[in-house]
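S.K.: no letters, just coordinates:
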């Protein structure tokens with residue numbers, strides 16, 4: 001008998017509960033740093049403080065177009081191919097959001113980025129039985145965004161310092177463009 005790939009209901013319920021706890025327990029300013037004061041590379045202690053910086057790093061019109069296109073293609077791809085991967089993205093994003101305040105003492109966002117990536121892949125595999133679509137979504141999103149940064153902005157993506165806030169920024173900018181709050 002073939003093994004059915006699908007949602008493992010107890011794990012999904014546990015994952016949704018974990019997200020809810022993180023979102024309720026972590027206030028706007030995150031959790032305190034685990035090892036003292038924030039590193040000089042990480043002056044932003046909330047997403048609302050970070051977002052104006054994010055927008056300044058996306059000042060070139062074509063870079064913004066590439067970011068919105070990449071984010072839109074990720075959403076479209078996942079809706080058509082594996083909508084349950086959005087749950088994995090939500091869980092990973094919640095874990096990253098909880099960790100970004102605790103890891104502000106670090107010079108780079110490498111540990112936070114690895115937590116974000118590996119939890120996303122892990123939960124995608126747990127929920128859907130495969131991580132293929134999660135990997136493809138990452139490649140689609142970053143391919144467009146990084147061309148925008150390296151070719152048009154000629155700057156280093158904030159992902160290397162603030163992985164979670166940068167991901168939140170991508171979705172926020174995309175939402176704001178589609179709702180008319182921001183323009184290309």
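M.R.: On my side now, so go ahead. On a predicted model such as this, the values are computed, not experimentally measured, just so you know. Numbering: from 1, shown residues only.
S.K.: in the chain, what spans have low per-residue confidence?
M.R.: 1-36 (pLDDT under 70).
S.K.: now do 50
M.R.: Residue ranges of the chain with pLDDT under 50: 1-4, 29.
S.K.: and the top helix by length along it, how far from the chain's centre?
M.R.: Assignment by DSSP state H gives helix 61-81 as the longest helix of the chain. Helix 61-81 sits 13 Å away from the centroid of its parent chain (C-alpha atoms, centre = their mean, to the nearest Å).
S.K.: what comes up buried for it?
M.R.: Across helix 61-81, burial judged by 16 or more other C-beta atoms under 10 Å covers 63-64, 66-72, 74-75, 77-78. Glycine gets a C-beta too; all of them are placed from N, C-alpha and C.
S.K.: show me what it is packed up against.
M.R.: With contacts taken as 3 or more C-beta pairs under 8 Å, 6 or more residues apart in numbering; DSSP states H and E, helix 61-81 sits against helix 85-102, helix 132-147, helix 163-178.
S.K.: deepest-packed of those, please.
M.R.: helix 85-102 (a mean of 22; mean count of other C-beta atoms under 10 Å).
S.K.: tell me what it is packed against?
M.R.: helix 9-25, helix 61-81, helix 110-128, helix 132-147, helix 163-178.
S.K.: can you list those in TSV and add distance to residue 47?
M.R.: Shown next, in TSV, are the helices and strands packed on helix 85-102 (distance: least, C-beta to C-beta, whole Å):
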stretch	distance to residue 47
helix 9-25	13
helix 61-81	16
helix 110-128	13
helix 132-147	17
helix 163-178	5
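S.K.: could you point out which of those helices sits nearest residue 155?
M.R.: For residue 155, the closest of those is helix 61-81, at 9.1 Å, according to C-beta to C-beta.
S.K.: and the contacts of the closest one?
M.R.: Residues outside helix 61-81 that contact it (C-beta atoms under 8 Å, 6 or more residues apart in numbering) are 58, 85-86, 89, 133, 136-137, 140-145, 147-149, 152-153, 170-171, 173-174, 177-178, 184.
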